[in-house]
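Trainee: sharing a model that was predicted from the sequence below.
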Amino acid sequence: MEDAIPMVQAAAVHRMTNKRSYLDDDDSMDDIELYDFRRRRHRGTVVWSKCRLISVSFVVLLFGVILGAILGYESSKKMVGGPQPWGGDGDTSITQRIIDEVKPAEIDKHLRFLTAKPHLAGSARDEQVLVNYVHDKWQDYGLDVVRKVPYTVLMSYPDNTTDSYVSILTNAGEEVEKSSPHEKPIIPQQNDSDVTRPFNAYSPSGEPEGDLVYGNYGTVEDFEYLQKNNIDCSGKIVILRYGLIFRGSKVENAEAAGAIGVILYSDPEDVDPFNLPAYPKGLWMPETGLQRGTLFTGQGDALTPGFPSTDTAYRLQQKDAKLPHIPTTPISWGDAVKYLRNLGGPEAPEGWAGGLNITYRLGPGFTGEYANGKMKMHVHNVFENRTITNVIGYINGSIESDRYVLLGNHRDAWVFGAIDPNSGTASLLELTRVYGKLLQEGWRPRRTVVFCSWGAEEYGLIGSSEWTEDNIKTLGQRAVAYVNIDIAVQGQATPLIKSTPPLYQALYNATKQVPNPNPEEVKQGRPTVYDTWKHMKPDGMIGSIGSGSDYTVLLDRVGVTSVDMRYDYDRKTYHISTYAMYHSAYETYDYVKKFIDPDFAYHRAVVQIWGELARNMADSLLLPLGVEDYADFLQKTFEGFEQAAKAKLDEKNISLDGLKAAVQKFSLAATHLEQQRHVVDRNNPFAVRKMNDKVMYLERAFIEPEGLPGRPLARHVVVAPSKHNIYASSSFPGLQDALFAVDHSEDPDPAWETFKRQLSILTFTIDAAARTLQEDTA
């Protein structure tokens with residue numbers, strides 16, 4: 001098509017040029033008159049010849065139609081789904097074929113290969129070996145089109161020529177109690193020179209020294225506590241434990257408090273809360289383990305915010321990019337205890353003490369034998385422009401090929417990535433195999449299915465963000481929904497699903513079709529995944545979606561309804577932010593095979609859910625996107641916000657009546673639309689398309705082009721990442737951000753003005769969204 005465009009344009013120009021020559025050249029007018037005379041003279045012959053030609057053509061065409069119909073009918077009897085009529089839902093027996101075809105052994109095989117070596121984003125292993133592996137498998141499986149889509153972006157790596165570590169600098173100038181610059185290998189696979197050294201991506205290099213301060217999880221409230229208790233972080237190095245909020249937000253908060261460096265560690269309370277056997281004897285983090293991770297709080301290439309990093313893109317200078325300014329490095333809790341047990345100052349308050357066998361103190365500075373010593377950091381990282389690659393595969397739709405159901409996962413890992421992300425990558429590969437087999441047997445979905453293997457997610461959702469920015473106009477018109485699986489399995493308890501409301505019912509229906517992988521649950525009378533999910537989470541099965549994975553830009557900037565799902569551990573038992581081995585060198589195939597999912601039964605369940613959810617969206621005549629669930633979500637969010645904020649708003653004489661009315665209007669419009677859906681003429685393509693467009697574009701209606709205050713690229717006014725923790729979701733984010741600023745500002749008046757403006761924007765947007773659901777009026 002790209003080559004055809006200039007040809008069409010050239011032909012059009014040629015026709016226009018020839019037409020102008022007739023009008024401008026006097027001699028040509030004589031030629032036109034002569035041609036007209038000859039045409040009149042032979043008119044009878046011409047008319048008779050045309051009639052004969054039309055008659056013969058009609059007979060040939062009629063014969064072709066009849067023959068095609070006969071052949072089509074005979075061949076369709078051999079097809080899995082048969083021909084799909086416009087008014088049909090596709091062959092629903094495909095559901096059982098998907099469920100039956102998923103093979104745990106195939107997932108196991110993929111995971112073993114994917115995790116055989118470290119594959120950091122931008123490395124040869126990820127960019128060449130794994131990109132080609134995914135690309136070639138998808139071609140072998142029979143996808144219609146498979147493309148490699150590269151982007152050149154700013155990356156960050158540890159300087160492998162110089163160790164990064166921290167230490168205590170004694171009064172005599174000697175460095176003691178040095179942290180390990182490596183994670184100790186536990187199994188032979190980890191003794192690999194390609195294992196990524198401990199580092200935090202996009203941290204600047206530096207060797208700061210100063211008094212040490214303990215800041216708990218590094219939240220805004222934690223730093224406020226330190227300030228209120230006269231513990232000044234200016235010119236200090238702060239040590240913070242991982243968990244609760246995004247690591248990049250911790251560093252932003254520390255920098256705002258005046259810190260000159262940050263040390264991050266995983267406290268035993270968060271990676272081995274019950275002091276149970278550590279890996280390799282158990283599934284908990286050993287004392288030598290640590291977490292790598294990015295500090296970048298944006299999405300995509302840091303040098304091309306909001307636009308794709310193509311060859312013609314304008315790039316910021318690195319000094320102008322939104323990157324951290326203070327050195328940061330991760331260490332193990334086995335090293336962290338050496339500094340925390342020597343820390344002076346007041347005892348940490350309740351809730352700040354972790355799982356180390358010490359008295360947690362705040363500092364600043366050391367006591368005892370290191371009373372006059374300082375904390376010293378050595379951070380050595382390098383920045384490079386490198387190519388990262390997405391692999392995109394397509395199954396073209398049979399009827400509505402301009403409607404895309406997107407399915408995605410990222411490949412890159414900090415080290416081996418057996419859970420994050422390659423449990424998801426192996427599952428995506430198996431799903432494409434299943435769909436490919438169905439294609440070979442004659443099935444083809446109504447709509448196009450797009451499979452996405454993203455590059456460089458770990459650095460800041462780079463691959464998915466660049467591709468979305470590159471295709472933002474097309475996706476805004478064509479994307480139905482996006483189903484993301486970053487991690488397929490991190491436990492065996494229950495699904496963990498976060499979604500925007502339109503997909504709620506489709507998710508319930510998909511999980512009702514999938515057999516329960518837990519035999520003990522089946523014995524308890526819960527035969528499906530849905531049954532256990534509902535049993536484990538009776539107060540709310542689906543969470544609100546925030547950020548932290550590749551759905552972010554699709555949802556938050558384009559308005560594509562999105563879901564992220566995985567199998568999870570029991571969070572009622574384990575009150576931890578994530579699984580123990582997160583981003584460590586110990587997150588290996590061996591770990592998954594021994595402790596997470598030995599038989600890959602839970603991986604199989606995830607693929608089955610994924611496959612059925614995608615089938616429903618790709619094959620159903622009417623899109624399974626519910627608007628009444630969005631109405632319920634808005635109503636509950638409004639009620640919760642009103643209850644929490646009413647006292648403050650009453651003091652300022654700020655009324656929420658307009659917002660309440662807009663939410664009620666949306667509820668009425670949603671109810672009416674659902675009634676219309678039940679009676680829509682399924683044989684009328686225009687009526688079906690009109691109904692589908694209303695539900696598909698609903699999420700787009702909540703996009704505000706100017707973005708949220710201080711966050712122009714966060715544009716969804718109903719759900720967005722929290723401003724102070726991008727892992728978390730914030731409902732009515734403009735209002736929440738403004739009230740947070742009211743509570744945490746010395747002068748709250750500007751924040752109140754921001755609140756009033758955001759209230760107006762939210763009210764208008766919900767009202768306008770309601771109107772998109774209503775019937776057209778004159």
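Mentor: Nice, thanks for sending it over.

Trainee: all strands of the stretch 351-500 of the chain, in order?
Mentor: Residue ranges of the strands in the stretch 351-500 of the chain, as given by DSSP state E, counting those that start in this stretch, are 374-378, 381-395, 400-410, 447-454, 479-484, 494-499.

Trainee: in CSV: those strands, plus mean pLDDT.
Mentor: Output for the strands of the stretch 351-500 of the chain, formatted as CSV (pLDDT from 0 to 100):
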stretch, mean pLDDT
strand 374-378, 98
strand 381-395, 98
strand 400-410, 98
strand 447-454, 98
strand 479-484, 98
strand 494-499, 97
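
Trainee: between the ones you listed, which gets nearest to Lys473?
Mentor: Among the strands of the stretch 351-500 of the chain, the nearest to Lys473 by C-beta to C-beta is strand 479-484 (11.1 Å). No exception for glycine: its C-beta is placed from N, CA and C like everyone else's.

Trainee: check which helices and strands that closest one sits against.
Mentor: strand 400-410, strand 562-568, helix 601-619 (3 or more C-beta pairs under 8 Å, 6 or more residues apart in numbering; DSSP states H and E).

Trainee: let's see it at 6 Å
Mentor: Identification of packing neighbours for strand 479-484 by 3 or more C-beta pairs under 6 Å, 6 or more residues apart in numbering; DSSP states H and E yields strand 400-410, strand 562-568.

Trainee: low pLDDT regions in the stretch 651-778 of the chain?
Mentor: Judged by pLDDT under 70, the stretch 651-778 of the chain has its weakly predicted residues at 776-778.

Trainee: so where do the helices sit in it?
Mentor: Applying DSSP state H, counting those that start in this stretch to the stretch 651-778 of the chain gives helices spanning 657-679, 685-696, 733-743, 749-773.

Trainee: pull out the buried residues from the last one.
Mentor: Going back to what we said before, that points to helix 749-773. 751-752, 754-755, 758-759, 761-763, 765-767, 769-770, 772-773 (16 or more other C-beta atoms under 10 Å).

Trainee: same check, this time on stretch 682-689
Mentor: With burial defined by 16+ other C-beta under 10 Å, the residues of stretch 682-689 counted as buried are 682, 688.

Trainee: residue contacts, His644?
Mentor: Actually, residue 644 is Ala. It isn't His. Counting by C-beta atoms under 6 Å, 6 or more residues apart in numbering, Ala644 touches no other residue.

Trainee: just to revisit the earlier point, could you dump the strands of the stretch 351-500 of the chain into TSV and include mean neighbour count and distance to Ser193?
Mentor: Output for the strands of the stretch 351-500 of the chain, formatted as TSV (neighbours: other C-beta atoms under 10 Å; distance: least, C-beta to C-beta, whole Å):
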stretch	mean neighbour count	distance to Ser193
strand 374-378	23	21
strand 381-395	20	17
strand 400-410	24	24
strand 447-454	26	26
strand 479-484	26	33
strand 494-499	22	35
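
Trainee: redo those as a markdown table? Include distance to Val238.
Mentor: Compiled in a markdown table, those are given as follows (distance: least, C-beta to C-beta, whole Å):
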| stretch | distance to Val238 |
| --- | --- |
| strand 374-378 | 9 |
| strand 381-395 | 19 |
| strand 400-410 | 31 |
| strand 447-454 | 33 |
| strand 479-484 | 33 |
| strand 494-499 | 31 |
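
Trainee: for Met617, find the nearest of these.
Mentor: In terms of C-beta to C-beta, the element of those nearest to Met617 is strand 400-410, at 4.7 Å.

Trainee: which secondary structure elements does the closest one contact?
Mentor: Using 3+ C-beta pairs under 6 Å, 6+ apart as the contact test, the elements touching strand 400-410 are helix 422-440, strand 447-454, helix 472-478, strand 479-484, helix 601-619.

Trainee: got the contact list for that strand?
Mentor: For strand 400-410, the surrounding residues in contact (C-beta under 6 Å, 6+ apart) are 421, 424-425, 428, 446-452, 454, 457, 478-480, 482-485, 550, 614, 617-618.

Trainee: quick one: strands adjacent to that strand?
Mentor: If you go by DSSP bridges, strand 400-410 pairs up with strand 447-454 (parallel), strand 479-484 (parallel).

Trainee: would you turn these into CSV with distance to Gly491?
Mentor: Formatted as CSV, the strands paired with strand 400-410 follow (distance: least, C-beta to C-beta, whole Å):
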stretch, distance to Gly491
strand 447-454, 23
strand 479-484, 18
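
Trainee: where does the chain dip in pLDDT?
Mentor: Along the chain, segments meeting pLDDT under 70 span 1-87, 776-778.

Trainee: swap in 50 and give it another go.
Mentor: 1-83, 778 (pLDDT under 50).

Trainee: mind jotting down where the helices sit in the stretch 501-650 of the chain?
Mentor: Taking DSSP H, counting those that start in this stretch as the criterion, the stretch 501-650 of the chain carries its helices at 504-513, 519-523, 529-536, 552-553, 589-591, 601-619, 628-651.

Trainee: right, so of those, which gets closest to Leu295?
Mentor: Among the helices of the stretch 501-650 of the chain, the nearest to Leu295 by C-beta to C-beta is helix 552-553 (16.5 Å).

Trainee: how about residues contacting stretch 300-318?
Mentor: Contacts for stretch 300-318 (C-beta under 6 Å, 6+ apart): 151-154, 321, 323, 462, 465-466, 469-470, 713.

Trainee: quick one: end-to-end distance for it.
Mentor: Start-to-end span of stretch 300-318 (C-alpha to C-alpha, to the nearest Å) is 14 Å.

Trainee: check which residues of stretch 272-279 are buried.
Mentor: Residues of stretch 272-279 classed as buried: 272-273, 278-279 (neighbour count, 16+ other C-beta under 10 Å).

Trainee: stretch 220-236 too?
Mentor: Going by neighbour count (16+ other C-beta under 10 Å), the buried part of stretch 220-236 is 220, 222-223, 225-226, 231, 233, 236.

Trainee: hmm, which two among those are most spread apart?
Mentor: The largest separation in the buried residues of stretch 220-236, counting by C-beta to C-beta, is between Val220 and Lys236 at 17.3 Å.

Trainee: residues in contact with Val607?
Mentor: Contact analysis of Val607 by C-beta under 6 Å, 6+ apart lists 102, 427, 430-431.

Trainee: tell me the one of those nearest Tyr586?
Mentor: Top of the list for closeness to Tyr586, among the contacts of Val607 and by C-beta to C-beta, is Ser427 at 21.4 Å.

Trainee: so how far is Ile487 from the closest one?
Mentor: Distance of Ser427 to Ile487, given as C-beta to C-beta, to the nearest Å: 10 Å.

Trainee: tell me which of the helices and strands packed on strand 400-410 sits nearest to Phe732.
Mentor: Phe732 sits nearest to strand 479-484 of all those, at 22.5 Å, using C-beta to C-beta.

Trainee: contacts for the closest one, please.
Mentor: 403-408, 549-551, 554, 560-564, 617, 696.

Trainee: same question, stretch 565-575
Mentor: With contacts defined as C-beta under 6 Å, 6+ apart, stretch 565-575 is touched by 487-489, 491, 493-494, 496-497, 602, 606.

Trainee: just stretch 216-233 next, same as before
Mentor: By C-beta under 6 Å, 6+ apart, stretch 216-233 touches 213, 215, 240-241, 243-245, 250, 253, 257-259, 352, 362, 724.

Trainee: pick out the most distant pair among the residues you listed.
Mentor: Comparing every pair within the contacts of stretch 216-233 by C-beta to C-beta identifies Gly243 and Gly258 as the most remote, at 23.2 Å.

Trainee: between those two, which is the more surrounded one?
Mentor: A direct count of neighbours by other C-beta atoms under 10 Å for Gly243 and Gly258 places Gly243 higher, at 21 against 15.

Trainee: okay, and the beta partners of that one?
Mentor: With DSSP bridges as the rule, Gly243 is bridged to Ile245.

Trainee: just checking, it touches Ser577?
Mentor: Yes - using C-beta atoms under 6 Å, Gly243 makes contact with Ser577 at a distance of 4.3 Å.
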